[in-house]
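> fold the following, please.
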Amino acid sequence: MKFYVLFSFLSPSFIGVVRNRLPKIAGIQKPEPVFGWALAIGLLSVVMAHPQTATSTADDAIEKEIRKLEQDQVNYLLQDNVDAMQKHWDPKCMVNNPFNKIVKISEGPIRQGSLTYSSFVRNVEQVLIHGTTVVVMGTETVVPKGISPDAGQTIRRRFTNVWMKKANRWLMIGRHANMVCEK
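Got it, this is the predicted structure:
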């Protein structure tokens, strides 16, 4: 039924209305013969673009959920609640951390308690959705505390987090963070 509705405006009667009445309304005295077809094809392309809104709506929902998970990770980190963070990590998740080391996230300095923060602001700049995989990129401004390296200093860095939907849950499967050199 939908396709019938979509293409019904290409019927000869619709084309006749478009060719004969619309130009007069628009102030065109003698329309070109292709005017009706051109307008109908233009309308068709607008109508055919409509199905993308369903995908956009689904992607918008995914992006909203991922952005919430990203902020939850920051909140848990500031509360020193690594157990809550780990619930959203895939067991095989790897991190290329700001100390130029690649480690399993579950064995890294955050899990060990040797890297904690008094301030952590994450600015998500891009969320790229590819089905059940999402790539998040942006900047972070952090202030380590306690026994953490660079405690008390403000550090700016760029990050990339990769999420994958597994067993109906979004889990972080990879992360890269590097310090931004000051000019």
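
> buried sites along the helix or strand where D60 lies?
Using DSSP states H and E, D60 falls within helix 52-78. Neighbour-count burial for helix 52-78 flags 62-63, 66, 69-70, 73-74, 76-77 (criterion: 16 or more other CB atoms under 10 Å). From N, CA and C alone the C-beta is placed, and that goes for glycine too.

> need these in a markdown table (columns: distance to E182 and pLDDT).
Output for the buried residues of helix 52-78, formatted as a markdown table (distance: CB to CB, whole Å; pLDDT from 0 to 100):
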| residue | distance to E182 | pLDDT |
| --- | --- | --- |
| I62 | 35 | 97 |
| E63 | 31 | 97 |
| I66 | 30 | 98 |
| L69 | 30 | 98 |
| E70 | 25 | 98 |
| Q73 | 26 | 97 |
| V74 | 23 | 97 |
| Y76 | 29 | 97 |
| L77 | 24 | 95 |
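
> make CSV out of those residues and add distance to R175.
CSV is the format used below for these (distance: CB to CB, whole Å):
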residue, distance to R175
I62, 19
E63, 18
I66, 13
L69, 13
E70, 11
Q73, 10
V74, 13
Y76, 14
L77, 12
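
> neighbours of M179, how many?
When neighbours are counted by other CB atoms under 10 Å, M179 registers 15.

> check contacts around it.
98, 155-157 (CB atoms under 8 Å, 6 or more residues apart in numbering).

> apply 10 Å and report the result again.
By CB atoms under 10 Å, 6 or more residues apart in numbering, the contact set of M179 is 98-100, 140, 142, 150, 155-158.

> and these, which are buried?
Buried members of those, scored by 16+ other CB under 10 Å, are 98, 140, 142, 155.

> distance of the last one relative to L115?
Plainly put, I155 is 11 Å away from L115 if you go by CB to CB, to the nearest Å.

> now do the shared contacts for these two.
Common neighbours of I155 and L115 (CB under 10 Å, 6+ apart) are 98, 142, 144, 149.

> for those residues, which one is nearest K166?
For the shared contacts of I155 and L115, the closest approach to K166 (CB to CB) belongs to P98, at 26.6 Å.

> just give the nearest non-adjacent residue to that closest one, would you?
A177 (4.9 Å; CB to CB, 6 or more residues apart in numbering).
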